[in-house]
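# Quick one, fold the following:
(2 chains)
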Amino acid sequence: MTVSALLSQLLQVAIALALAPLLVGWVNQCRAWLQNKSAPSLFLPYRMIRKLFMKDAVVAASASPIFRITPYIVFGAMCCAAAIVPSLATDLPFARAADAIALVGLFALARVFIALAAMDIGTSFGSLGARREMFIGFLAEPALLMVLFTASLISGSTSLPEIVDTLAHRELAIYPSLALAGVAFTMVSLAENARIPIDNPATHLELTMIHEAMILEYSARHLALIEWASALKLFNYSCIGLAIFFPFGIAAGSDSWLAILGALPALVAKLLAGGFALALIETLSAKLRIFRAPEFLGTAFLLAVLAMLVNLLLGS
Amino acid sequence: MPTDLVTLTIVAVVAWLGIGAIGLARPRSLPFVSRVLFPAGAGVGLALAIVAFIAIGQPPQTLVLPLGLPDLPFHLRLDSLSAFFLLLLGAAAAAISFFSAGYFRSSEGTPPGLICFQYHAFLASMVMVLVADDAYAFMVAWESMALSSFFLVTTEHRIAAIQRAGFLYLLIAHVGAIGILLCFGVLQGGSGDYTFAGMRAMELKGAWPSIAFFLALFGFGAKAGLLPLHVWLPEAHPAAPSPVSALMSGVMLKTAIYGLLRVSFDLLHVQLWWWGVIALTLGLVTALFGVIFAAAQTDMKRLLAYSSIENIGIIVAGIGLTILFKAYGKIPFAAIALTAVLYHALNHAFFKSLLFLATGSVLHATKERSLGKLGGLIHRMPWVAWLALVGTLAIAGLPPLNGFVSEWLLLQAFLFTPSLPQSFVNMLVPVAAAALVLAAALAAYVMVKFYGVIFLGQPREANLAYAHDAGRFEKAGLVWLAAGCIVLGLFPVHVIALIEPVNAMLIGSTTGGAFSGNWLLLAPVSADRSSYSPVIVLVVIAVVVLLTIQVVHRFYHGRVRPAPPWDCGFPLQTPRMQDTAEGFGQPIRQVFEPFFRMERHLPSPFDAEPRYSVKADDHFWHWLYLPIVTAADFVGRLVGRIQQGRISVYLMYSFFTLLALLFFVR
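Modelled structure (predicted):
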């Protein structure tokens, strides 16, 4: 591991940290356009984070240290994930530290901590949110792993850089297994990032909240970190999807910072398209009742298993 | 220098029995038993772990003890497999004994000295199970283990529910023992040679290997808690004192895994692929069943008992996968699957013992086992709460702790299955991997429920305000186990180096040199295929956390203001309004409704005092056990009909018997 490789790695994380709120802003803006509303500024999420950092924090009297340490741990886990996901380059030093399965484990770590923090205060909202989040999580996590398994069966490796390298060097065609896996991945990403049809990021209507119910007690810098981490999570999921299903323009076999900056325009273009697609899905669908969520995620799970079977049967 | 390690092991057995005997001599002296004998037992456990640690890499050592039947003395053998499980036993027992030193109090039940004897006899018999090298010694040790643990389960023997739980445990232990006995009968193959060496040399023909394997799966499965013989676990664990639960769940279940491995890979000379399929299916069904039931529990120890069923299911599924690979000659992959099995067994010994001991501390502090009456204990019992958090994260399979490593290895092993030649088995694998991942994800749900309801939130009862933290000895035991979870999670390459001799012995191959490349990076087969480095993950997260805290506190030092939690405009919030254990399990009950036998009592709209109750029961009681009970009852009544209680009738029976015999002999 050379110093320049380490610097490239830090650069990728820094770009992820910087771009993540922008992606959220872009999705919000697209959604506003599609819904015929006047759009907020693209940079609103940055201002929001800045404002939250400036404020005094209010912490419930019954909070334990778990409540206060959780935003940092969630933020740390998401930064670690951002270092591992091959968003800009495939040959970075930390990519070997965790493969696809460990990446899912990292997301699970963040989820468990945020659920524990939600239960920590002891209000009915917090535990309701925690319960629902874990409920969605236990359905979404297997589906996500099955999608990643399909990709790793194709490439014969669970290491994300290898998967991306293999998939990027195939001829351009629609592979049935990857198509199924792609649909499943989209569904899982919607659920995991608290998007419509599972959750609505824009509401504080109590009956429908999941993610917002869990972080109801957070304020100021803790909330800022949580919001930033959520943005980073959306960014990470988008990058995983883009890397597996549209693996073009990622710097392969190089760890210089120039290569990373060279891959940046392609990533931004893909994210713009992906963000627009996300806004479109959110505009076109309605939120499901919480007990319809198992059907939605069960479908994703079955699609992913089907993708794996198709891959084994047809070899593609 | 080949020291006589097997003799040292026997010295440990004798030491434990000696400690137990001293306890018998002073049965009512609690301070002596708890301050002297239990710590001494812990020391023996530690010594045993060290001996086993050395023995893992050594060639097998044997010893013949002049005990037992006249022409069948006790054969003992210490090989890599025995040594690995002895290491597990010694390391876990050291912590549990330390904890026990602070745990046992005077009570209505068994006096402390007698508990001390039973406890150490239990430990000693488990060692004997692991080193026995003939069927007779094995069965003697196996039965002593069952008996001593039965008496430990029924420590509070004046309570009727505990008597029932103990009886159920003893019954199923013996049903299982019959299976094991018959299995050894098949394995000796008519030679009359009951030593394991003789069985190894025996090459069984035809269906006999399969019969032996399934008898072993049945017998050891009953002890391990495989479906449908799992019913004793959720009854016995809440009944037993917490250190005993920890020992039974953390260690004794592993002796069953040891037995299954010993029979399938060491004593049997052949493994067939369809055994693997059946073990894999059975294991996965058990795992899913266990975790779904764990999610619905409201008693913290029952919840952990069901979680043990889940973990045993995962281990047996791994054994099935190993058999599958071995049968098709994919030896290196079999080695990875077996590594996952042994790793998970070791992990489970640590985190499950830790959690059971933590429930023991909670039980002592609050006198309460029901999750619905706990809550907020992290403020009152910070030591127990933070150490239990380590166990919770580990058992939920989260990086960088130990539960994740073994699950990761098992999933890696699953990803090799497309290389199997049989396409039917190939099709099975996605489903199997999906079931395993689902069980692992549900385990996280269960553990969030477990931890959140007990330790977080606000106390649900007023008397929880008087809860006290664990004592010195209890803390020491918990710290040891939590440290074990962290070390096993962070240094997988070193742990796998320990497992390699066992792989070499059972599979005939190690996982290859790929593990030994870089101590930071766990990479079975090759780094291009898959790699995982818990240390790097931990360091990255820790650095980001510390850096963020530094930056936030340097540049944005806004004050932190404590305030009451936001009440949503409804000022009458009480701790009773928090989510209950039933509430937390409700989504799982709803999604997996067919798994449960649900009895609901809904109030009518006109009830003045409406009551709602729901009872989620196990189908197997009604499908399997109650019919057996009814049948036994019926047969008993039929037999009872010929018992008239008058001597003339019995004389008549004798007379007719004689007549019949004369008729035959003629």
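# Can you report phi and psi for the residue of chain A positioned farthest from its centre?
Residue farthest from the centre of chain A, counting by C-alpha atoms, centre = their mean, is A:Ala61 at 31.9 Å. Phi and psi for A:Ala61, reported as degrees, to the nearest 10, are phi -60, psi -30.
# and if you look at the one 3 residues further on?
A:Ser64 adopts backbone torsions of phi -100, psi 170, taken as degrees, to the nearest 10.
# and what of B:Leu63?
Backbone torsions of B:Leu63, given as degrees, to the nearest 10, read phi -160, psi 140.
# Contact partners for it?
By C-beta atoms under 8 Å, 6 or more residues apart in numbering or on different chains, the contact list for B:Leu63 reads B:6-7, B:10, B:75-78. C-betas here are computed from N, CA, C, even on glycine.
# Run through the strands of the chain in chain order.
Chain wasn't specified; assuming chain A. Per DSSP state E, chain A carries strands over the ranges A:57-60.
# Hmm, no, I was thinking of chain B.
When secondary structure is read from DSSP E, chain B shows strands at B:61-69, B:72-78, B:560-563, B:596-601, B:613-618.
# among these, which is the most enclosed?
Neighbour counts (mean count of other C-beta atoms under 10 Å in any protein chain shown) averaged over each of these peak at strand B:72-78, with a mean of 21.
# so what secondary structure elements neighbour that one?
helix B:5-25, strand B:61-69, helix B:112-131, helix B:135-153, helix B:196-201 (3 or more C-beta pairs under 8 Å, 6 or more residues apart in numbering or on different chains; DSSP states H and E).
# Name the residues of the last one that are buried.
Neighbour-count burial for helix B:196-201, counted by 16 or more other C-beta atoms under 10 Å in any protein chain shown, picks out B:196, B:198-199.
# So which of those residues is the closest to chain A?
Checking these against chain A by C-beta to the nearest C-beta gives B:Phe196 as the nearest, at 38.0 Å.
# what residues are up against that closest one?
B:75, B:77, B:132-135, B:262, B:266-267.
# if we can go back for a sec, need the buried residues of helix B:196-201 in CSV with distance to B:Phe122, can you?
Formatted as CSV, the buried residues of helix B:196-201 follow (distance: C-beta to C-beta, whole Å):
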residue, distance to B:Phe122
B:Phe196, 23
B:Gly198, 29
B:Met199, 27
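# What count of nearby residues applies to whatever residue of the stretch 151-300 of chain A ends up closest to chain B?
Using C-beta to the nearest C-beta, the closest approach of the stretch 151-300 of chain A to chain B is made by A:Thr158 at 4.2 Å. As a burial measure, A:Thr158 scores 26 neighbours (other C-beta atoms under 10 Å in any protein chain shown).
# Among the helices and strands packed on strand B:72-78, which comes closest to A:Arg111?
helix B:135-153 (36.8 Å; C-beta to C-beta).
# Extract the CA atoms of that closest one and return them as CSV.
Below are the C-alpha coordinates for helix B:135-153, written out as CSV (Å, rounded to 0.1, in the frame of the first residue of the first chain):
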residue,chain,number,x,y,z
ALA,B,135,-18.0,-46.8,22.8
TYR,B,136,-18.3,-47.9,26.4
ALA,B,137,-16.3,-45.1,27.9
PHE,B,138,-18.1,-42.7,25.6
MET,B,139,-21.6,-43.8,26.7
VAL,B,140,-20.6,-43.8,30.4
ALA,B,141,-19.3,-40.2,30.1
TRP,B,142,-22.3,-39.2,27.9
GLU,B,143,-24.8,-40.5,30.5
SER,B,144,-22.9,-38.9,33.4
MET,B,145,-23.1,-35.7,31.5
ALA,B,146,-26.9,-36.0,31.0
LEU,B,147,-27.5,-37.0,34.7
SER,B,148,-25.3,-34.3,36.2
SER,B,149,-26.8,-31.6,34.0
PHE,B,150,-30.3,-32.9,34.9
PHE,B,151,-29.6,-32.3,38.5
LEU,B,152,-28.2,-28.9,37.8
VAL,B,153,-31.3,-28.0,35.8
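# Might one say that A:Ile244 is in contact with A:Ala151?
Yes: if you go by C-beta atoms under 8 Å, A:Ile244 and A:Ala151 touch, sitting 5.2 Å apart.
# Mind jotting down where the helices sit in the stretch 201-350 of chain B?
With helices called from DSSP state H, counting those that start in this stretch, the stretch 201-350 of chain B shows them at B:208-224, B:232-239, B:242-247, B:253-261, B:273-296, B:300-327, B:331-366.
# JSON lines for the ones you listed, including mean neighbour count, mean pLDDT and distance to A:Gln35?
Supplementary listing: the helices of the stretch 201-350 of chain B in JSON lines, determined by neighbours: other C-beta atoms under 10 Å in any protein chain shown; pLDDT from 0 to 100; distance: least, C-beta to C-beta, whole Å:
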{"stretch": "helix B:208-224", "mean neighbour count": "23", "mean pLDDT": "91", "distance to A:Gln35": "57"}
{"stretch": "helix B:232-239", "mean neighbour count": "25", "mean pLDDT": "89", "distance to A:Gln35": "52"}
{"stretch": "helix B:242-247", "mean neighbour count": "29", "mean pLDDT": "91", "distance to A:Gln35": "57"}
{"stretch": "helix B:253-261", "mean neighbour count": "24", "mean pLDDT": "93", "distance to A:Gln35": "57"}
{"stretch": "helix B:273-296", "mean neighbour count": "23", "mean pLDDT": "91", "distance to A:Gln35": "39"}
{"stretch": "helix B:300-327", "mean neighbour count": "27", "mean pLDDT": "92", "distance to A:Gln35": "45"}
{"stretch": "helix B:331-366", "mean neighbour count": "27", "mean pLDDT": "91", "distance to A:Gln35": "49"}
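# can you put the ones you listed in JSON lines and add distance to chain A?
Listed next are the helices of the stretch 201-350 of chain B as JSON lines, based on distance: least, C-beta to the nearest C-beta, whole Å:
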{"stretch": "helix B:208-224", "distance to chain A": "25"}
{"stretch": "helix B:232-239", "distance to chain A": "21"}
{"stretch": "helix B:242-247", "distance to chain A": "23"}
{"stretch": "helix B:253-261", "distance to chain A": "24"}
{"stretch": "helix B:273-296", "distance to chain A": "9"}
{"stretch": "helix B:300-327", "distance to chain A": "13"}
{"stretch": "helix B:331-366", "distance to chain A": "12"}
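# Using CSV, please lay out these together with distance to B:Ala542.
Below are the helices of the stretch 201-350 of chain B laid out as CSV (distance: least, C-beta to C-beta, whole Å):
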stretch, distance to B:Ala542
helix B:208-224, 37
helix B:232-239, 36
helix B:242-247, 30
helix B:253-261, 32
helix B:273-296, 30
helix B:300-327, 28
helix B:331-366, 21
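# Figure out which of these is closest to B:Ser125.
With C-beta to C-beta as the criterion, B:Ser125 lies closest to helix B:253-261 of the helices of the stretch 201-350 of chain B, at 9.4 Å.
# What is that closest one packed up against?
Applying 3+ C-beta pairs under 8 Å, 6+ apart, one finds that helix B:253-261 contacts helix B:80-103, helix B:112-131, helix B:208-224, helix B:300-327, helix B:331-366.
# relative to helix B:232-239, how tilted is the longest one?
This means helix B:331-366. 30 degrees (axes from the mean of the first three to the mean of the last three C-alpha atoms, to 10 degrees).
# quick one: helix B:331-366 to chain centroid distance?
Taking C-alpha atoms, centre = their mean, to the nearest Å, one finds the center of helix B:331-366 at 7 Å from the center of the full chain.
# What is the neighbour count of the residue in the stretch 551-666 of chain B that chain A sits nearest to?
As assessed by C-beta to the nearest C-beta, chain A sits closest to B:Asp579 within the stretch 551-666 of chain B, at 3.3 Å. Neighbourhood size, B:Asp579 [other C-beta under 10 Å]: 25.
# so how far is B:Pro565 from the residue farthest from the centre of chain A?
In this view, A:Ala61 and B:Pro565 are 8 Å apart by C-beta to C-beta, to the nearest Å.
# just to revisit the earlier point, surely the residue of the stretch 151-300 of chain A closest to chain B touches B:Asp528?
No: at 10.3 Å, A:Thr158 does not count as touching B:Asp528 under the criterion of C-beta under 8 Å.
# Please read off the pLDDT at B:Ala482 from the model.
B:Ala482 carries a pLDDT value of 93.
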